[in-house]
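Trainee: Next come a sequence and a model predicted from it.
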Amino acid sequence: MPSNGTLRCVPMNLNNLAPGLSRTARSRSLPAIVPLAALLLLIGGGLAQLRAYHVPSPGSPGDRSGIIREDSQAGTAAKPSPTPGYTLRIDTSLVTVDASVLTEDGYFVYDLKKEDFRLFEDGVPQTITSFGQIQTPVTVVLLVEFNADTSMQQVLALRACTRLTRQLKPEDWTALVLFDKRPNIALDFTQDKSAILETVSKTGFPLSRETNLFDALADTLDRLQSVEGRKYVVLMASGNDTLSKLYLDPVLKKIEQARQTVIYSVDILPGVGNLQAHNQLRVFARMTGGRYYPAVSLQDYDDAFRDLGQSVRNRYVLSYHPTHREQDSTWRKIKVQVVDLPETADNAKEMNKHRRKYQIVAREGYRAAPEVH
């Protein structure tokens, strides 16, 4: 949706992000029937002893969970300081695109200038009006497939969530959502990294064997729309969906409309099962400017999270006023290019000959929805 002014990222209590959904939603989280710690020990080492963690209620002393507090007199929300991340922002006359530029080996390319970029919308060259490179804190939701089958791959993915803390900084925000038949908020937004470890160690086995990927992803995107600024969803799943109410097409449309949200897909069963399931994970990431990672070992997860951490923290921000100004709900395709030489009619062939091979990770486009008043 269009927006006027500068957006700020405000991590919230996920239970408060959907209208009519109270904090009792937390009570519907996975039942702690059998502690998971013993099973984790079977696949490689136990978790260290963890200190107690408490998520403060809204307005309580020491509240660091980023919960939006409603002011009953003023009718406004009290917002903590900003915490951002990486993607695309639109208002009625300006489009802002975030892009990571990587070498062939996957390393971030520093020190590029505005004149090193070319930007196209629906194939039409656009004039870059502002440019910069920003490193900021991140806001992450770990969305993890975990059903009653409790395969070793699912357990490995859940355990790997704790490894992500190595890439997080003290100012970063993280939430953990597990899904089977429905999404369950295991841990709301927190800056306490040990809370992730404790939550994983206390997670019990779920009851449902269903894997409703589409419903869980759509629910997460809906909740994040109320969080201003850039957000990241780390989707750790097989790509399979068994009983969702939503089909793939509505989920893809929801992804198109998601404001400032990037999906990083971690395939927990690469090369196994339905090819379409794996392709879906790739599409989710590609549409939003994220990346796809196959993972079969903890080393694969470490490599993926290391790359992810570099990607979300290092980016170039390009803004332009689109030549096609109508807000007509059409899909606008964006393409970002990096060049080594200023292009002219005389040196175009020479420039293409010597152009370096860069990987440019950016959102594929946006939907020019009319502003809602």
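Mentor: Perfect, I can see it now. Numbering: from 1, shown residues only.

Trainee: neighbours around Gln276, how many?
Mentor: 11 (other Cβ atoms under 10 Å). Quick note: C-beta positions are derived from backbone N, CA and C, even for glycine.

Trainee: and it, what is it in contact with?
Mentor: Going by Cβ atoms under 8 Å, 6 or more residues apart in numbering, Gln276 touches Gly239.

Trainee: That one and Gly239, how far apart?
Mentor: Counting by Cβ to Cβ, to the nearest Å, the gap from Gln276 to Gly239 is 8 Å.

Trainee: What about Asp111, how many residues nearby?
Mentor: Using other Cβ under 10 Å as the criterion, Asp111 is surrounded by 6 other residues.

Trainee: Tell me the pLDDT of it.
Mentor: At Asp111 the predicted local confidence, pLDDT, stands at 87.

Trainee: Help me confirm that Thr242 comes into contact with Phe214.
Mentor: No - if you go by Cβ atoms under 8 Å, Thr242 and Phe214 don't touch, sitting 10.0 Å apart.

Trainee: Between those two, which has more neighbouring residues?
Mentor: Taking other Cβ under 10 Å, Thr242 and Phe214 do not tie; Phe214 has more neighbours (21 against 13).

Trainee: Wasn't the more buried one part of a helix?
Mentor: Yes - secondary structure of Phe214 (DSSP: H, G, I helix; E, B strand; the rest coil): part of a helix.

Trainee: now it: how far from Asp188?
Mentor: Between Phe214 and Asp188 the computed distance is 23 Å (Cβ to Cβ).

Trainee: And for Asp249?
Mentor: With the distance defined as Cβ to Cβ, Asp249 ends up 31 Å from Asp188.

Trainee: Mind checking what secondary structure Thr165 has?
Mentor: helix.

Trainee: Neighbour count: Asp249 and Asp188, which is higher?
Mentor: Applying other Cβ under 10 Å to Asp249 and Asp188 shows that Asp188 carries more neighbours, namely 23 against 9.

Trainee: Quick one, grab the pLDDT at the more buried one.
Mentor: With respect to pLDDT, Asp188 has a value of 95.

Trainee: now Gly106
Mentor: 72.

Trainee: how near is it to Gln359?
Mentor: For Gly106, the distance to Gln359 (Cβ to Cβ) stands at 7 Å.

Trainee: next one: Lys333
Mentor: According to Cβ to Cβ, Lys333 and Gln359 sit 18 Å apart.

Trainee: count of neighbours near Met152?
Mentor: Summarising burial for Met152: neighbours were counted as other Cβ under 10 Å, giving 11.

Trainee: do Thr261 as well
Mentor: Thr261 is surrounded by 26 other residues when neighbours are defined as other Cβ under 10 Å.

Trainee: Just grab the bridge partners of it for me.
Mentor: According to DSSP bridges, Lys231 are recorded as the beta-bridge partners of Thr261.

Trainee: All set, thanks.
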